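Q: Predicted coordinates and the sequence they were generated for:
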Amino acid sequence: MSTRTLGAPANGDKVFRGLKAGDIDLVTSVPCVKFGPLLDMITADPDIRHIPVTREEEGIGICAGAFMGGKRPALLMQNSGLGNCINALVSLDLLYGIPVLMIVSHRGTAGEKIAAQVPMGKATVPLLDALGIEHCCPTPAEGEKEVANAAMKAFSTRRPVAVLLDLDFWRA
């Protein structure tokens, strides 16, 4: 077992089960402490290929290529990286009808202790709305079902869909 799971946030198992139910078979991820246990589960699963990336737009590009190669990709990222990948989302995924499931650690919400996270926390939903990207913010009890539904929605509509996991999701 990885040491990064010690003291790490709960409920990664619900997201993992939702990814599996949504038939996700390739995941790109940008580091976030909230994803520790979830990444351990993804990495250990022989049916999911995990590709760590350094920037969110790199993840969007890899997911687009993976989709064109027959995969069902997801990108795990923090909402602070949404601004980094807007151009890739608009000029690649939205323009060409390329789906991607985005699992987003939504920092900067109520209870955030890091002041620098708050501005993007407030801007996340309006940015997704402006881009026309459907999104949800499930409770822990809804996590598995909402992740699976978001995956199905992304691939049936051939559009990006975001699941926003706020601080309350990780605390429960």
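A: Looks like it arrived, so ask away. Since we're looking at a predicted model, the values are computed, not measured.
Q: quick one: contacts for the residue nearest the centre of the chain?
A: Geometric centre of the chain, nearest residue: residue 103, 1.4 Å, by CA atoms, centre = their mean. Neighbouring residues of residue 103 by CB atoms under 8 Å, 6 or more residues apart in numbering: 15, 19, 74, 75, 76, 77, 147, 162, 163, 165. C-beta coordinates here come from the backbone N, C-alpha and C atoms, glycine included.
Q: Next: residue 148.
A: 17, 18, 19, 21, 22.
Q: Just the buried ones out of those residues, please.
A: 17, 18, 19, 22 (16 or more other CB atoms under 10 Å).
Q: how about these in CSV, adding distance to residue 138, pLDDT and secondary structure?
A: CSV is the format used below for the buried ones among the contacts of residue 148 (distance: CB to CB, whole Å; pLDDT from 0 to 100; DSSP: H, G, I helix; E, B strand; the rest coil):
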residue, distance to residue 138, pLDDT, secondary structure
17, 12, 96, helix
18, 9, 98, helix
19, 13, 98, helix
22, 13, 98, coil
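Q: so which pair among the residues you listed is furthest apart in space?
A: Using CB to CB, the two most remote members of those are 17 and 22, lying 9.6 Å apart.
Q: what touches both of these two?
A: Joint contacts of residue 17 and residue 22 (CB under 8 Å, 6+ apart) are 147, 148.
Q: low pLDDT regions in the protein?
A: Applying pLDDT under 70 to the chain flags the ranges 1-9, 172.
Q: and if we set it to 50?
A: The model of the chain has pLDDT under 50 over residues 1-8.
Q: ok, back up a step: let's verify the residue nearest to the centre of the chain: helix, strand, or coil?
A: Of the three states, residue 103 takes strand under DSSP: H, G, I helix; E, B strand; the rest coil.
Q: Against residue 15, how distant is it?
A: 6 Å (CB to CB, to the nearest Å).
Q: Common neighbours of those two, please.
A: Residues within reach of residue 103 and of residue 15 at once, by CB under 8 Å, 6+ apart, are 147, 163, 165.
Q: number of nearby residues for residue 154?
A: Neighbour count for residue 154, taken as other CB atoms under 10 Å: 28.
Q: how long is stretch 20-38 end to end?
A: By CA to CA, to the nearest Å, the extent of stretch 20-38 from end to end equals 12 Å.
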